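K.L.:
3D model of this:
(2 chains)
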Amino acid sequence: MIRTLAILVAILANTLPAFAQDNKELVTSFKLDNGLQVIVVEDHRAPVLQHMIWYRAGSADEPRGASGVAHFLEHLLFKATDTLEAGELSATVAANGGRDNAFTSYDFTAYFQRVAADRLDLMMQMESDRMVNIRLTDANIKTERDVILEERNQRVENSARALFGEQMNAIQYYNHRYGVPVIGWKHEMAALDLEDALSFYRTYYAPNNAVLVVSGDVEPAEVRALAQKHYGAIPANPDLPERMRTHEPPQTAARRMIFRDARVAQPYVSRSYLAPERNSGAQEQAAALYLLAEILGGGTTSFLAEKLQFENQIAVYSGVFYSGQALDQTTFDMIVVPAEGVSLDEVEAAMDAALTDFIDKGVDPEQLDRIKMQLRAAQIYARDNVDGIANRYGRALSTGLTVEDVQAWPDILQAVTAQQIIAAARDVLREETSVTGWLMRDEGVSQ
Amino acid sequence: MRIFIAIFTALVLALPVAAEVKIREVVSPAGITAWLVEDHSIPFTALELRFRGGTSLDAPGKRGAIHLMTGLLEEGAGDLEARPYARALEALAASFGYDSGSDSVAISARFLSENRDKALALLRDTIHNPRFDQKAIDRVRGQVISSLKSDAKDPDEIAQATFRRMAFGDHPYGSDGAGTVDSVTSLTRDDIVAAHGAVFARDRLYVGAVGDITAEELGALIDALLGDLPETGAPIPGPAGVALTGGVTVVEFDTPQSVAVFGQRGIERDHPDFFAAYVLNQVLGGGSFESRLMEEVREKRGLTYGVYSYLSPRDLAATYRGGVSSANDRIAEAIQVIGDEWAKMAETGVTQKELDAAKTYLTGAYPLRFDGNARIASIMVGMQMQDLPIDYIATRNAKVEAVTLADVNRVAGQLLDPQGLRFVVVGKPEGLPAD
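P.N.:
Residues are numbered from 1 along each chain as shown, chains lettered A, B, ... in the order given. Coordinates of the predicted model:
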């Protein structure tokens, strides 16, 4: 029997939990008067902390025509502020034995430092400074724009698979910014300027649009005092726009694409379906989809692996993926890689036959039990990685979920029934709402 | 997405932490040594086993046998064929990871305290009685071949393969441990069984455990798990010469961004100047934004998203290496700047300020590496393989602090060899003459 973890939280301002059982996940949450939400995750095993700030602004919040500006701005936040030289923040973190970095996604942009536990004051001082005080020059813009273009070269242009994925997203989303790559379309990136970056910065970088997550060897009271000192002085942005996004129209016809590239060595079939995301107070459908993905394609014992890799060796690999953590409608994805001598047509037909078969047959109760057992164990293993817990909260709180939603999620997963999983499969895996891509060798071009 | 994560600081220094990590040596009743950090705060244990030799033990003509054998360990053991085996493992919520490198084969296990005995029984069968069913061999072989074919069209992999071949020739270090399509295609079940016998032996075994387990329990566990291993396996090959010469090699490949790897002869982990070289590299191209290469190539000129260098002292050869990627029309400039920085550093060395900053970083970053039971177990095994003392943790920062400006700059002059620095570039570089 696995004990379900008690995750402990004090939501309101004042005081902090006195639960000192240090084999539990210790999470504290509060809000400053200027709207900054703060999450503290304690782990006192090593004298280390991670300090992160998450902005509820990502590439899907960009204005049309300026794709990539959220990520570009992320790079520019390492340049000068009123009090810091360009590069000084990272250099200071390094001089204190720490590491820092940042990342951008569709729904958020986050910055973090990992340092010794007694350096929180300094980290907050610098991070709060660049929330409002960056000073950019045209030279910064030119050089850093070259850097992000090289980043795009490295991540996307040099990889047929990445280019294919970009096209898949673009045809999956007709009317929503998830169809535009986080890093940006190349021609729009090349035209980004100082005003694009500053406009995004002024609109979204504010305490009432941010979540501060501190994890590690810290006391909530200390975090609160320091957060008040550094972030508390920054006024909320009264003009912060509501996060209103366009919606996808109903998909009424299957979409197909063939992508050819001379650099493809291993062709494969990719399939995606629009799918509901986790929503605050309503995560049940997402939980069913999460389990559906595990059952269908979560490893060697999954349904697709069984059908396509074991019963018939028609595929060398199959996998199913669902991430419910998105502000808006997400996708349910699968990939099948054909075995030598098997065509994409054949492997796609075998995949579709397997999906139909699965819906007819229903869920294997033993498989569902094993997956639930692993999810319970994962909660124990997760306590060995406090930064992972911190990231989970940061991501959730930037995509419309609450602390309560995060804490309810494990129990919601455990409560999902086989019937709900099949119902979710029937809802989402429909031919007319499918997007199918074939990644193929460009036979016309010699290698 | 700011730093390309391929910054290979890993390599050598398993730089352990502060006072919190109390390592204890445990010798089992059967005489197997393990290093243990006992920590009962979370009810699970991470166990790391490593067998020296790795894919370098492949028999002649059997390249890829050890890699494929390692991949087959999770495909069934004892009475359990692949799928029942995987289901049994899932039901225990344990995880066993396998990795074959050029110097060792690693098994990384993680199991809950409540399932420890059952998990260990399954792991024991995995190590001693893997099934190597022909069907599983064919299936996993298909996956390996698929991946080798993809590598053949991946500019990063092409660059690594070319560099490896130029540096090490016919030595096992000179080729991909995963083998070639031809070599893997021709492997038989007997080859796999032979590879298993080559790798798993007591004379090359290193053990680390971290978590909810006592010394007594660990001693009994490793005897049950490993006591019956044969005494010895295949002989470990001799050192590989480093045959690099200076210059630029271009591998034509139609892709928009050129990928370059570069390197020269390196310095051994047990060399008295190793720490000076390590600090030197931190200044030149170690994994931070503050390195000279990042400053010159990325921050000032915007020529790349990432540039890095690292010391790679492996068991059988030491090299000093790095990498960069730039658009085809800009890679020539990036390479020019890197070559210039290499030469400048060899000639004038680092400043006191740079030295101080590097030391502060390296010593301060020390505790950050100990973030989790599995990580600590892995670090402890690395320490044993490098023959470091069990109290190394307590003395390591002092070794970094002891490096003087004179040391670093002497080593810069001796180690850095701008004339011997070889660049391998994959792409369609413009204005870059190859030699």
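
K.L.:
average pLDDT for stretch B:35-45?
P.N.:
Stretch B:35-45 shows a mean pLDDT of 95.

K.L.:
Also stretch A:291-311?
P.N.:
Mean predicted confidence for stretch A:291-311 is 95.

K.L.:
Just the CA atoms of it, as CSV, please.
P.N.:
C-alpha atoms of stretch A:291-311 as CSV (Å, rounded to 0.1, in the frame of the first residue of the first chain):
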residue,chain,number,x,y,z
LEU,A,291,-4.6,7.8,-18.6
LEU,A,292,-5.7,7.1,-22.2
ALA,A,293,-2.3,8.3,-23.5
GLU,A,294,-0.5,6.1,-21.0
ILE,A,295,-2.6,3.0,-21.8
LEU,A,296,-2.4,3.5,-25.6
GLY,A,297,1.2,4.5,-25.9
GLY,A,298,3.1,4.9,-22.6
GLY,A,299,5.7,2.2,-23.1
THR,A,300,6.3,-1.4,-24.0
THR,A,301,3.2,-2.7,-22.3
SER,A,302,0.9,-0.2,-23.9
PHE,A,303,-1.8,-1.1,-26.3
LEU,A,304,-0.2,0.2,-29.5
ALA,A,305,3.1,-1.3,-28.7
GLU,A,306,1.4,-4.6,-28.1
LYS,A,307,-0.4,-4.5,-31.4
LEU,A,308,2.2,-2.9,-33.6
GLN,A,309,5.5,-3.9,-32.2
PHE,A,310,4.8,-7.3,-30.6
GLU,A,311,1.8,-9.0,-32.3
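
K.L.:
wait, does it make contact with chain B?
P.N.:
Yes - Stretch A:291-311 reaches chain B (CB under 8 Å from any CB of the partner chain) through A:299-301, A:306, A:309-310. Every C-beta, even on glycine, is put in place using the N, C-alpha and C of the backbone.

K.L.:
Using CSV, please lay out the residues you listed together with secondary structure, distance to A:Arg271 and neighbour count.
P.N.:
Formatted as CSV, the residues of stretch A:291-311 next to chain B follow (DSSP: H, G, I helix; E, B strand; the rest coil; distance: CB to CB, whole Å; neighbours: other CB atoms under 10 Å in any protein chain shown):
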residue, secondary structure, distance to A:Arg271, neighbour count
A:Gly299, coil, 18, 13
A:Thr300, coil, 20, 18
A:Thr301, coil, 21, 25
A:Glu306, helix, 18, 17
A:Gln309, helix, 17, 23
A:Phe310, helix, 20, 17
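
K.L.:
now, the most widely separated pair of these?
P.N.:
Largest separation among those by CB to CB: A:Gly299 and A:Phe310, giving 12.3 Å.

K.L.:
Closest to B:Glu74 out of the residues of stretch A:291-311 next to chain B?
P.N.:
A:Thr300 (7.7 Å).

K.L.:
Now for the residue nearest to that closest one when sequence neighbours are not counted: which residues touch it?
P.N.:
Nearest residue to A:Thr300, sequence neighbours excluded (CB to CB, 6 or more residues apart in numbering or on different chains): B:Ala86, at 4.6 Å. Contact analysis of B:Ala86 by CB atoms under 8 Å, 6 or more residues apart in numbering or on different chains lists A:299-301, B:74.

K.L.:
Redo those residues as CSV? Include distance to A:Leu368.
P.N.:
Below are the contacts of B:Ala86 laid out as CSV (distance: CB to CB, whole Å):
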residue, distance to A:Leu368
A:Gly299, 14
A:Thr300, 17
A:Thr301, 12
B:Glu74, 22
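
K.L.:
ok, of the residues you listed, which one's closest to A:Glu443?
P.N.:
The closest of the contacts of B:Ala86, once distances to A:Glu443 are taken by CB to CB, is A:Thr300, at 32.8 Å.

K.L.:
thought the closest one was touching B:Arg87?
P.N.:
No - distance between A:Thr300 and B:Arg87: 9.1 Å, which falls outside the contact criterion (CB atoms under 8 Å).

K.L.:
From the contacts of B:Ala86, pick the one nearest A:Ala382.
P.N.:
Ranked by distance to A:Ala382 (CB to CB), the contacts of B:Ala86 are led by A:Gly299 at 18.6 Å.

K.L.:
My read is that B:Ala346 contacts B:Gly420, right?
P.N.:
No - using CB under 8 Å, B:Ala346 is not in contact with B:Gly420; the gap is 10.5 Å.

K.L.:
And for residue 267, the neighbour number?
P.N.:
Just going to use chain A. 17 (other CB atoms under 10 Å in any protein chain shown).

K.L.:
To clarify, I was referring to chain B.
P.N.:
Look at B:Ile267: counted by other CB under 10 Å, it has 23 neighbours.

K.L.:
Which of the three states applies to it?
P.N.:
With DSSP: H, G, I helix; E, B strand; the rest coil as the basis, B:Ile267 sits in coil.

K.L.:
List the single closest residue to it in space, sequence neighbours excluded.
P.N.:
B:Ile267 sits nearest to B:Ala277 (CB to CB, 6+ apart), 4.8 Å away.

K.L.:
Who has more neighbours out of B:Ala346 and B:Gly420?
P.N.:
Under the neighbour definition other CB under 10 Å, B:Ala346 and B:Gly420 were set side by side, and B:Ala346 has more, 19 against 16.

K.L.:
Can you list phi and psi of the residue of chain A found nearest chain B for me?
P.N.:
For chain A, the residue closest to chain B is A:Gly97, as judged by CB to the nearest CB, at 1.4 Å. Phi and psi for A:Gly97, reported as degrees, to the nearest 10, are phi 80, psi 20.

K.L.:
do the one 5 residues further on as well
P.N.:
Torsion angles at A:Ala102 (phi, psi; degrees, to the nearest 10) stand at phi -160, psi 160.

K.L.:
hang on, it packs against A:Phe112?
P.N.:
Yes - A:Ala102 lies in contact with A:Phe112 (CB under 8 Å); the separation is 7.0 Å.

K.L.:
And for B:Asp170, the neighbour number?
P.N.:
Neighbourhood size, B:Asp170 [other CB under 10 Å]: 9.

K.L.:
Doesn't it lie inside a helix?
P.N.:
No - according to three-state DSSP, B:Asp170 belongs to no helix; its state is coil.

K.L.:
Contacts only, for it.
P.N.:
By CB under 8 Å, 6+ apart, the contact set of B:Asp170 is empty.

K.L.:
So which residues of the stretch 201-350 of chain B form strands?
P.N.:
Remark: strands assigned in the stretch 201-350 of chain B by DSSP state E, counting those that start in this stretch are B:205-211, B:247-252, B:257-265, B:307-313, B:318-327.

K.L.:
Tell me which of those strands sits nearest to chain A.
P.N.:
Nearest of the strands of the stretch 201-350 of chain B to chain A, taken as CB to the nearest CB: strand B:257-265 at 3.7 Å.

K.L.:
Any idea how far the closest one is from the middle of the chain?
P.N.:
Distance, stretch centre to chain centre, for strand B:257-265: 18 Å (CA atoms, centre = their mean, to the nearest Å).

K.L.:
Which strands border that strand, and is each parallel or antiparallel?
P.N.:
Applying DSSP bridges, strand B:257-265 is found paired with strand B:318-327 (antiparallel), strand B:422-427 (antiparallel).
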